[in-house]
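1. what would the 3D arrangement of this be:
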Amino acid sequence: MTLNQDITIIRNCTTSTQLFDVVETFSYQVSELEDRLKRAEYAYDWDAIESALEQLAVKRYVYKFAYDAASDMEEDEWQYQNELEINDAMMGDRV
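-> Model prediction:
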């Protein structure tokens, strides 16, 4: 997947739960790339090392971007839900 595709997936998420699912997927991808990098290092395959490093840098960036977005969205969702509960409680007092 390319960076643009990853960012599009992140931006299409509408809930923090969806975003955290995407973050988990990216986490697995980062682990796989780290393993690939280790294998390339053991093999002294400089082309594979360079490729793995480039992909790993991009995937780590995307992972952090998605995680931060999910955390922010989760906080916003919690705050919105809290405001709804307060509003409902205040409206209940008026009845």
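
2. C-alpha from now on. contacts and neighbour counts both.
-> Noted.

3. look through this protein and tell me its longest helix.
-> Across the chain, the longest stretch assigned as helix under DSSP state H is helix 46-94.

4. that one packs against which elements?
-> With contacts taken as 3 or more C-alpha pairs under 8 Å, 6 or more residues apart in numbering; DSSP states H and E, helix 46-94 sits against helix 3-12, helix 16-42.

5. tell me the centre residue of this protein?
-> Ala66 (2.7 Å; C-alpha atoms, centre = their mean).

6. hmm, Ile9 and it touching each other?
-> No. Counting by C-alpha atoms under 8 Å, Ala66 does not reach Ile9; the two are 9.5 Å apart.

7. list the contacts for Asp6?
-> Residues near Asp6 by C-alpha atoms under 8 Å, 6 or more residues apart in numbering: Val62.

8. hmm, try it at 10 Å
-> By C-alpha atoms under 10 Å, 6 or more residues apart in numbering, the residues touching Asp6 are Val22, Phe26, Val58, Lys59, Val62, Tyr63, Ala66.

9. top of the residues you listed by number of neighbours, please.
-> Ala66 (26 neighbours; other C-alpha atoms under 10 Å).

10. so that one is in contact with Thr15, correct?
-> No. Contact criterion C-alpha atoms under 10 Å: Ala66 and Thr15 do not qualify, at 12.0 Å.

11. one step back: so what sits against both of Ala66 and Ile9?
-> In contact with both Ala66 and Ile9: Leu19, Val22, using C-alpha under 10 Å, 6+ apart.

12. per-residue confidence for Thr2?
-> Here, the pLDDT recorded for Thr2 equals 83.
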